[in-house]
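1. After the sequence you'll find the predicted model.
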Amino acid sequence: MKKIIITLCTVFAISFVNAQDKKDAVPGFSKGDLVATGSVSFVSRSYGGNSTVIIAPSLVYFTSDNLSVSARYSNEKSGPLTSKGFGIGTAYHFNAGKQFSTQLGATLDFGSMKNGTEDYTTTNFDIVYGINYFITKHLALGASLAALSHHINTPKNGPEVETTTLGLDTDHILFNLSYKF
């Protein structure tokens, strides 16, 4: 019985050591990868403002080792303001095949917004900087910052309002969890 236990422990130890040496389990992105991402942001303002919650799932496809295209849906709630939209985007990923990578991208979103009784159509263009860190071969944590944003809000009645912002504050940070298929 003692020999069987020692043999099983030895086989287990050898297989564990071999599993650590495999190089094919390198995390990162590469051409042909399909990635599902869910972004969440919560901002609470203590100086009389409303809290903002943003939920934005997206699907990302890598057309080359460093270039991706994406489609997303976003839903935002801030006090009486609600907005929903669909968007497309592209990004260039630096060190895409590594465990830690950064990206620079652009997104274009179209949607609708309701503020109390007023309805708007929205068009948003954002230049986004992001980071990704793979915690397993398929699962990554990330964050993105909408560095430069141009938004056009058109009410049903009245003139359109255009705003351009340089978003280097916490209002423009989205945290995400990504799964690579």
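-> On my side now, so go ahead. Since this is a predicted model, take the numbers as computed values, not measurements. Residues are numbered from 1 along each chain as shown.

2. Any figure for the gap between residue 87 and residue 139?
-> Distance, residue 87 to residue 139, by Cβ to Cβ, to the nearest Å: 24 Å. Where you see a C-beta, it was placed from the backbone N, CA and C, and this is true even at glycine.

3. meant to ask about residue 121, not that
-> In terms of Cβ to Cβ, residue 121 sits 36 Å off from residue 139.

4. Can you get me a residue count around residue 29?
-> 25 (other Cβ atoms under 10 Å).

5. Also residue 83?
-> Count around residue 83 with other Cβ under 10 Å applied: 20.

6. The one 10 residues further on now?
-> Residue 93 has 24 neighbouring residues, counting by other Cβ under 10 Å.

7. can you check the one 4 residues further on too?
-> If you count neighbours by other Cβ under 10 Å, residue 97 ends up with 14.

8. dump the residue contacts of it.
-> 26, 28, 29, 30, 65 (Cβ atoms under 8 Å, 6 or more residues apart in numbering).

9. ditto for residue 74
-> So, once contact is read as Cβ under 8 Å, 6+ apart, residue 74 ends up touching 54, 55, 56, 83, 84, 85, 86, 87, 109, 111.

10. Would you mind checking the residues you listed for buried ones?
-> Neighbour-count burial (16 or more other Cβ atoms under 10 Å) is assigned, among the contacts of residue 74, to 54, 56, 83, 85, 87, 109, 111.

11. So which of those residues are in strands?
-> 54, 56, 83, 85, 87, 109, 111 (DSSP state E).

12. Just say helix, strand or coil for the closest residue to residue 134 other than its chain neighbours.
-> Residue nearest to residue 134 in three dimensions, not counting chain neighbours: residue 27, with 3.2 Å by Cβ to Cβ, 6 or more residues apart in numbering. Under DSSP: H, G, I helix; E, B strand; the rest coil, residue 27 falls in the coil class.

13. Please list all residues in contact with residue 27.
-> Contacts of residue 27 (Cβ under 8 Å, 6+ apart): 99, 134, 136, 137, 138, 140.

14. now do residue 60
-> 33, 34, 35, 36, 37, 68, 69, 70, 178.

15. can you check residue 34 too?
-> Neighbours of residue 34 in contact, by Cβ under 8 Å, 6+ apart: 59, 60, 61, 62, 180, 181.

16. could you dump the residues you listed to TSV with secondary structure, pLDDT and distance to residue 77?
-> Below are these laid out as TSV (DSSP: H, G, I helix; E, B strand; the rest coil; pLDDT from 0 to 100; distance: Cβ to Cβ, whole Å):
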residue	secondary structure	pLDDT	distance to residue 77
59	strand	94	23
60	strand	93	24
61	strand	95	29
62	strand	92	32
180	strand	90	29
181	coil	89	30
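
17. Narrow those to those that are buried.
-> 60, 62, 180.

18. what's the spacing between the nearest residue in space to the second one that is not next to it in sequence and residue 163?
-> Beyond its immediate neighbours in the sequence, the residue positioned closest to residue 62 (Cβ to Cβ, 6+ apart) is residue 33, lying 4.4 Å away. Between residue 33 and residue 163 the distance is 35 Å, computed by Cβ to Cβ.
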